[in-house]
Each structure stands twice: as C-alpha cells, then as structure tokens.
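> Return atomic coordinates for the entry below.
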Amino acid sequence: MNKKDRKLASAEQKRKADFERICEDMEQKGYLKKNLTVGVLKANIMAVIVMLPLVVVAFVAYLMINPIDSIEFFISFPEDIVFFAAFILLVILHEAIHGLTWGIFAKGHRKAIAFGFIWKMLTPYCTCTEPLAKWQYIVGGSMPTLVLGFAPAAVAVVMGDFGLLLLSAVMMISGGGDFFIIFKMLLNKPLNHDVLYYDHPYECGVVAFERR
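Residues are numbered from 1 along each chain as shown. Model prediction:
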C-alpha cells in the first residue's frame, strides 16, 4: 500500500521517520534496500487464495473422521454473537502473538514492538521496529496462525467439534496474508547470506537489507 493511499497516524509518522533513518544508516553500511511489501487489499485477497486449500484439507479430514451429523451450523442469535466475539478476541490475540514472538528476538524486546489499526481496511497490525534475521521474522510471522489456526483445527478434527473447526478456518484465512509475505521472502533471492529483514512500519510486508 502506498503511503499516499491513507493518512498516517502520528505514531506511524514517527515510525516512518525512524524507518527512513534506519534505511539511510543501512545504506551507508553497504546494504541494498529491497521492498517486499504488498497492498492491504491484495494481501487480504491472497490470504484467501493461500489458505483456502489448507482449509479444504481440514474440512475433508474432519468429514473422514467424524460423522456427518456432527456438523452443526450456527443459526441462533446467541451462538452467532459468541462466534463473532470469539473471532474479534482471537484477531487481537493474533497480533499479540506476533508482538510476543518478535519481541523475544528483538534486542529491545517489548520496546521494539508497536501496534496499529488501518481504519480504511478495518485491519489491525503489529510491527517490529528492529531488523530481524530471516528465520526470526518467519517464526514471528507464522506463529499466530500456527497457534490459533492449524492447532485448533487439528483439535477440532480429533474431538469432532465443528464450531471450533469453523473458527480455526477463519483464523487460518486471517493469517493467510502473513504466509503470503513469508512466501515472498522465501522466493526472494538475496545477493548473499548477509541480509536482514525489517518489518515495514505502515505497509504490509518487509524490507530486505542485503549486503552489496
């Protein structure tokens, strides 16, 4: 997403200024900057494309193990409200897990983590304000979906809990944008092994700093 597409909040403007200073510092140290970012709309679309096959696998596994009469759809008002409330809480927890995991790796720990919300796209986000190694970023990027999506889906299949399966499927798709960014990182061919990844402070994705 281009910075002209929306007005940056004051906290984002500060992170933008810090990011520009970091870019200048890294370039002076002999690093080449490469953007691996994607627009929020495209990220949301790719989230569905990336995760839909895995969601289908989860539902097929459920049907292979559990009887068809275990499938119950939410049609009552209280159940719909509970499901929606659980989804909102898990979305918040999703970002918190990003922050917790990246915070473990960052030198500044919790101080290196910032949260925000893109009102135009109704999209919350978490960002790390320090460069990370490739594996560190990937672990932090994938952890929420592993914990809130894949793990509950496995439990739902084993326990025959269709409601939990639906919720885990939604969380898997919610984390699809993270996995799309990870795929972009894996497809990126750096100049050498000396490369750091910096979470973009107000766009979806990362910036790779590669040693020339």
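> Where does Ile92 sit: helix, strand or coil?
The three-state assignment at Ile92 reads helix, by DSSP: H, G, I helix; E, B strand; the rest coil.
> my guess is it contacts Pro124, does it?
Yes: at 7.1 Å, Ile92 and Pro124 qualify as touching, with contact defined as CB atoms under 8 Å. The way it works is simple: take the backbone N, C-alpha and C, and place the C-beta from them, glycine included.
> Return the set of buried residues in stretch 187-202.
Judged by neighbour count using 16 or more other CB atoms under 10 Å, the buried positions of stretch 187-202 are Pro190, Val195, Leu196, Tyr197, Tyr198, Asp199, His200, Pro201, Tyr202.
> Could you list which of those residues belong to strands?
In this view, these that belong to strands under DSSP state E are Val195, Leu196, Tyr197, Tyr198, Asp199.
> Specify which member of these is nearest to Leu8.
Distance to Leu8, by CB to CB, is smallest for Asp199 among these, at 15.7 Å.
> is that closest one in a bridge, and if so with what?
Val206 (DSSP bridges).
> roughly how far apart are the residue lying farthest from the centre of the chain and Ala86?
Here the chain reaches farthest from its C-alpha mean at Asp69, the gap being 34.2 Å by CA atoms, centre = their mean. Going from Asp69 to Ala86 by CB to CB, to the nearest Å gives 24 Å.
> Who are the packing partners of whichever helix or strand Arg15 is part of?
Assigned by DSSP states H and E, Arg15 belongs to helix 10-28. Where contact means 3 or more CB pairs under 8 Å, 6 or more residues apart in numbering; DSSP states H and E, helix 10-28 is packed against strand 31-38, strand 113-118, strand 195-199.
> Buried residues in stretch 174-191, which are they?
Buried residues in stretch 174-191 (16+ other CB under 10 Å): Ser174, Gly175, Gly176, Gly177, Asp178, Phe179, Phe180, Ile181, Ile182, Lys184, Met185, Pro190.
> SS state for the residue lying closest to Leu32 once chain neighbours are set aside?
Using CB to CB, 6 or more residues apart in numbering and skipping the chain neighbours, the partner closest in space to Leu32 is Glu210 (4.9 Å). Secondary structure state of Glu210, per three-state DSSP, is strand.
> Glu210 is in contact with Leu191, isn't it?
Yes: between Glu210 and Leu191 there is a contact under CB under 8 Å: 4.7 Å.
> Overlap in contacts, these two.
Leu32 (CB atoms under 8 Å, 6 or more residues apart in numbering).
> for the helix or strand Gly163 falls within, the distance to its chain's centre please.
Assigning secondary structure by DSSP H and E places Gly163 in helix 162-174. Here the centre of helix 162-174 is set off from its chain's centre by 16 Å, with CA atoms, centre = their mean, to the nearest Å.
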